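Visitor: Everything below, folded, please.
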Amino acid sequence: MDFRSLFRTAAPATALVVLVAAAGCDSAGSDDTGGGGGGADAARAGSVSRVLEPLPAQTPADLKPYYEQKLRWTECGAPGFECATLRVPMDYASPGAGEDVELAVARKRAENPGERLGSLHINPGGPGASAIEFLQNFAGVGYPADVRARYDIVAADPRGVGGSQPVKCLTDAEFEKHTQIDQTPDDEREVEALTASFERFAEGCEKRAGKLLGHVSTEEAARDMDVFRGVLGDKKLTYVGASYGTMLGATYAGLFPQRTGRLVLDGAMDPSLTSRQLNLDQNAGFTTAFDAFAEDCVKRADCPLGTDSAEAAGKQLRAFLDRLDSKPVPTGEQRGLGEPLATMGVLMAMYQEDFWPQLRDSLTDAMERKDGSGLLALADMYFEREPDGSYGSMMYGFAAVNCIDQPAPFDTPADVEKLVPDFEADSPVFGRDFAWAALNCAGWPVAPTGEANRIEAAGTPPILVVGTTRDPATPYVWAESLAAQLKEGVLLTYEGDGHTAYARGNGCIDDAIDTFLLEGTPPADGKRCR
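Guide: Just a heads-up that it's a prediction; the model follows:
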């Protein structure tokens with residue numbers, strides 16, 4: 001599973017998955033945290049004590065040519081947007097001596113240049129999502145008017161992502177087959193099929209990405225972001241990161257506290273957790289989101305999962321998914337709706353409350369009318385599948401970054417089997433899927449270069465950490481943890497559903513973030529919005 005915000009080119013507002021309208025806020029609120037569960041509790045107790053150390057404040061001489069380069073901006077995408085190419089070292093241990101990476105960067109200039117505050121860097125998450133697509137399809141036109149007026153909004157596709165030498169691993173036909181592999185194997189034959197699919201994926205990444213596959217870490221992307229900051233002429237980084245973008249932003253603050261300006265980390269990740277703990281927590285987070293959907297569904301006479309209780313609805317869904325394991329439902333095309341694609345369709349709808357009606361209708365069609373096209377469309381949205389059968393590169397970037405950032409959660413299928421009960425304790429519906437999906441980094445062709453670290457970032461201005469209480473992909477406990485780790489962390493809470501909070505229509509959240517970005521004044525630590 002992933003940590004992404006799923007910002008897509010078709011999004012009419014912030015993203016396909018963050019369009020919830022909500023209202024009302026206060027500074028205290030309830031004690032509801034959401035996203036809990038046994039795995040989450042274990043993760044809190046097991047977080048590491050290791051602290052990410054900052055880099056030297058002075059730029060090394062061998063990096064100065066990168067910081068002093070001049071960008072050649074040209075119009076691109078749409079009126080008002082400019083694009084360029086930024087050169088960064090592939091390996092920061094030997095800059096200038098080895099190969100460089102060319103990063104695609106873009107900007108939209110401040111609409112009121114006379115009151116310009118500088119550059120506002122953005123990243124929509126992933127890892128693997130294109131920051132440039134997000135800039136051109138939402139942030140550059142959909143961020144609050146005052147923010148767009150006073151900032152150049154800028155984006156860099158991280159190395160290996162989007163327009164920045166993207167990692168590709170499989171042909172479209174091969175990846176389509178990969179999406180249909182059974183993620184809940186019932187016997188040794190199915191276990192072998194799943195592990196073989198993961199191995200083909202990894203081998204394809206190694207073959208097609210080459211040396212770059214060993215240099216797509218979050219730490220390297222954060223260092224690239226500092227080069228971009230320097231080239232743009234900003235003394236400090238101003239930044240809004242969502243989902244995985246919070247890991248990127250927090251890593252930047254840990255490495256460059258003296259260059260950190262106004263940072264907003266929305267839908268926060270917890271850098272102090274191991275990959276296994278992150279998977280356990282996210283398993284619980286999606287369960288919290290599904291329970292909210294189910295509680296809403298069972299109140300409706302037409303709920304396809306019954307009208308008894310959320311728990312009963314979960315059992316109905318699990319039984320339906322189990323039936324699809326052996327008997328897929330037709331979809332009107334060659335692909336049938338089996339358990340893997342149906343599960344991804346349901347999980348996709350958990351990202352955003354506005355998808356709930358579509359999910360109810362799609363489940364009704366699949367369960368009662370034997371028409372799986374609705375759930376298939378949701379799964380295709382998750383996987384970035386286009387109508388012509390082509391796929392985007394997000395899922396490749398997602399795996400490449402995650403598998404190099406930390407050691408794999410599991411090394412063997414036997415390791416997974418031992419912890420399946422822990423995953424199922426938090427999520428009877430999705431637990432087995434999450435457990436087996438965490439095997440994807442086992443046998444990755446390049447060794448991990450990172451590890452879990454606490455990030456304290458001593459010496460920065462206030463850093464605004466935003467959490468949503470029923471966020472499926474980045475559980476609220478992560479925001480609490482990150483805000484507590486940061487020496488200057490300030491926690492802002494949205495009590496609601498969906499993934500991330502900024503620019504989703506909640507005036508309380510937006511006002512607090514806009515004030516911070518425009519004036520440098522954070523809200524009171526612990527402020528809550530409804």
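
Visitor: which stretches of the chain have low pLDDT?
Guide: 1-46 (pLDDT under 70).

Visitor: which residues does Ala512 contact?
Guide: 464, 492, 522-523, 527, 529 (Cβ atoms under 8 Å, 6 or more residues apart in numbering). Quick note: C-beta positions are derived from backbone N, CA and C, even for glycine.

Visitor: residue contacts, Leu86?
Guide: 69, 71, 102-105, 156, 224, 227-228, 231.

Visitor: Among these, list the two that are farthest apart in space.
Guide: Greatest spatial distance among the contacts of Leu86 (Cβ to Cβ): Gln69 and Ala104, at 14.8 Å.

Visitor: Looking at the two, which one has more neighbours?
Guide: Ala104 (22 against 15; other Cβ atoms under 10 Å).

Visitor: Same question for Pro428, what's its three-state structure.
Guide: Secondary structure, DSSP: H, G, I helix; E, B strand; the rest coil: Pro428 is coil.

Visitor: For it, give me phi and psi.
Guide: When quoted as degrees, to the nearest 10, the phi and psi of Pro428 stand at phi -60, psi -30.

Visitor: ok, now how distant is it from Trp356?
Guide: 20 Å (Cβ to Cβ, to the nearest Å).

Visitor: swap in Gly285?
Guide: 17 Å.

Visitor: Which one of those two is surrounded by more residues?
Guide: Gly285 (30 against 16).

Visitor: Quick check: closest non-adjacent residue to Glu298.
Guide: Not Glu; residue 298 is Val. Distances taken as Cβ to Cβ, 6 or more residues apart in numbering place Thr307 nearest to Val298, at 5.0 Å, with adjacent residues excluded.

Visitor: List the residues that contact that neighbour.
Guide: 298-301.

Visitor: again, only this time at 10 Å
Guide: Thr307 makes contact with 297-301, 313, according to Cβ atoms under 10 Å, 6 or more residues apart in numbering.

Visitor: Show the backbone phi and psi for it.
Guide: phi -130, psi 20.

Visitor: For it, give its distance to Ala294.
Guide: Taken as Cβ to Cβ, the span from Thr307 to Ala294 is 11 Å.

Visitor: again, but for Thr85
Guide: For Thr85 relative to Ala294 (Cβ to Cβ), the value is 48 Å.

Visitor: now Ile513
Guide: Look at Ile513 and Ala294: by Cβ to Cβ, they are 31 Å apart.

Visitor: for Leu337, same thing?
Guide: 20 Å.

Visitor: More neighbours: these two, which one.
Guide: Leu337 (25 against 22).

Visitor: Surely Arg504 touches Tyr494?
Guide: Yes: the pair Arg504 and Tyr494 passes the contact test of Cβ atoms under 10 Å, sitting 8.1 Å apart.

Visitor: Counting neighbours, go ahead and name the busier of these two.
Guide: Tyr494 (31 against 26).

Visitor: Stretch 403-422 spans what distance, first to last residue?
Guide: 22 Å (Cα to Cα, to the nearest Å).

Visitor: which stretch of helix or strand covers the closest residue in space to Gln180 that isn't next to it in sequence?
Guide: Closest residue in space to Gln180, ignoring its immediate chain neighbours: Pro340 at 5.6 Å, by Cβ to Cβ, 6+ apart. Take DSSP states H and E as the rule and Pro340 turns out to sit in helix 339-350.

Visitor: cool, Asp325 as well?
Guide: Going by DSSP H and E, Asp325 is in helix 310-326.

Visitor: Show me what that helix is packed against.
Guide: Judged by 3 or more Cβ pairs under 10 Å, 6 or more residues apart in numbering; DSSP states H and E, the packing partners of helix 310-326 are helix 275-297, helix 339-350, helix 356-368, helix 431-437.

Visitor: Of all those helices, which one is nearest Leu194?
Guide: It's helix 431-437; of the helices and strands packed on helix 310-326, that one is closest to Leu194 (Cβ to Cβ) at 6.5 Å.

Visitor: what about Pro166, neighbour count?
Guide: 24.

Visitor: So it is in contact with Met395, correct?
Guide: No: using Cβ under 10 Å, Pro166 makes no contact with Met395, being 11.1 Å away.

Visitor: Mutual contacts of the two, please.
Guide: Common neighbours of Pro166 and Met395 (Cβ under 10 Å, 6+ apart) are Gly128.

Visitor: export the helix holding Asp325 as PDB, just CAs?
Guide: Output of helix 310-326 as PDB, limited to C-alpha atoms (Å, rounded to 0.1, in the frame of the first residue of the first chain):
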ATOM      1  CA  ALA A 310     -20.400  -1.500  10.500                       C
ATOM      2  CA  GLU A 311     -18.900  -4.800  11.800                       C
ATOM      3  CA  ALA A 312     -21.400  -6.800   9.800                       C
ATOM      4  CA  ALA A 313     -20.800  -4.700   6.700                       C
ATOM      5  CA  GLY A 314     -17.100  -5.500   7.000                       C
ATOM      6  CA  LYS A 315     -17.900  -9.200   7.100                       C
ATOM      7  CA  GLN A 316     -20.100  -8.900   4.100                       C
ATOM      8  CA  LEU A 317     -17.300  -7.200   2.100                       C
ATOM      9  CA  ARG A 318     -14.700  -9.700   3.200                       C
ATOM     10  CA  ALA A 319     -17.000 -12.600   2.100                       C
ATOM     11  CA  PHE A 320     -17.600 -10.900  -1.200                       C
ATOM     12  CA  LEU A 321     -13.900 -10.400  -1.800                       C
ATOM     13  CA  ASP A 322     -13.300 -14.100  -0.900                       C
ATOM     14  CA  ARG A 323     -15.900 -15.200  -3.500                       C
ATOM     15  CA  LEU A 324     -14.100 -13.100  -6.100                       C
ATOM     16  CA  ASP A 325     -10.900 -15.100  -5.400                       C
ATOM     17  CA  SER A 326     -12.300 -18.100  -7.200                       C
END
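
Visitor: Spit out the residues that contact Thr307 and Ala294 alike.
Guide: Ala313.

Visitor: Could you pull up phi and psi at Arg470?
Guide: The phi/psi pair for Arg470 (degrees, to the nearest 10) is phi -120, psi 40.

Visitor: and it, what does it touch?
Guide: With Cβ under 10 Å, 6+ apart, Arg470 has these contacts: 32-35, 285, 288-293, 350, 353, 476, 494-499.

Visitor: make it 7 Å
Guide: Arg470 sits next to 34, 288-289, 292, 496-497 when contact means Cβ atoms under 7 Å, 6 or more residues apart in numbering.

Visitor: just Ser326 next, same as before
Guide: Ser326 neighbours (Cβ under 7 Å, 6+ apart): none.

Visitor: any idea how far Arg87 is from it?
Guide: To Arg87, Ser326 is 53 Å away according to Cβ to Cβ.

Visitor: Show me what stretch 168-178 is in contact with.
Guide: The contact list for stretch 168-178, computed with Cβ under 7 Å, 6+ apart, reads 197, 201, 204-205, 208, 389-391, 393, 396.

Visitor: Show me which pair in these is furthest apart.
Guide: Farthest pair in the contacts of stretch 168-178, by Cβ to Cβ: Cys205 and Gly389, 20.7 Å.

Visitor: and these two? which has more neighbours close in?
Guide: Using other Cβ under 10 Å as the criterion, Cys205 and Gly389 rank with Cys205 on top: 25 against 12.

Visitor: Phi and psi next, for that one.
Guide: Phi and psi for Cys205, reported as degrees, to the nearest 10, are phi -60, psi -40.

Visitor: How about Leu103?
Guide: Dihedral angles (degrees, to the nearest 10) for Leu103: phi -100, psi 130.

Visitor: same thing with Ser119?
Guide: The phi/psi pair for Ser119 (degrees, to the nearest 10) is phi -100, psi 140.

Visitor: Only the buried residues of stretch 229-244, if you could.
Guide: Using 16 or more other Cβ atoms under 10 Å as the test for burial, stretch 229-244 gives 229-232, 234, 236-244.

Visitor: CSV please, covering those residues and showing distance to Ala268 and secondary structure.
Guide: Below are those laid out as CSV (distance: Cβ to Cβ, whole Å; DSSP: H, G, I helix; E, B strand; the rest coil):
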residue, distance to Ala268, secondary structure
Arg229, 21, helix
Gly230, 26, helix
Val231, 28, helix
Leu232, 25, helix
Asp234, 23, coil
Lys236, 21, coil
Leu237, 17, strand
Thr238, 18, strand
Tyr239, 13, strand
Val240, 12, strand
Gly241, 9, strand
Ala242, 9, strand
Ser243, 9, coil
Tyr244, 10, helix
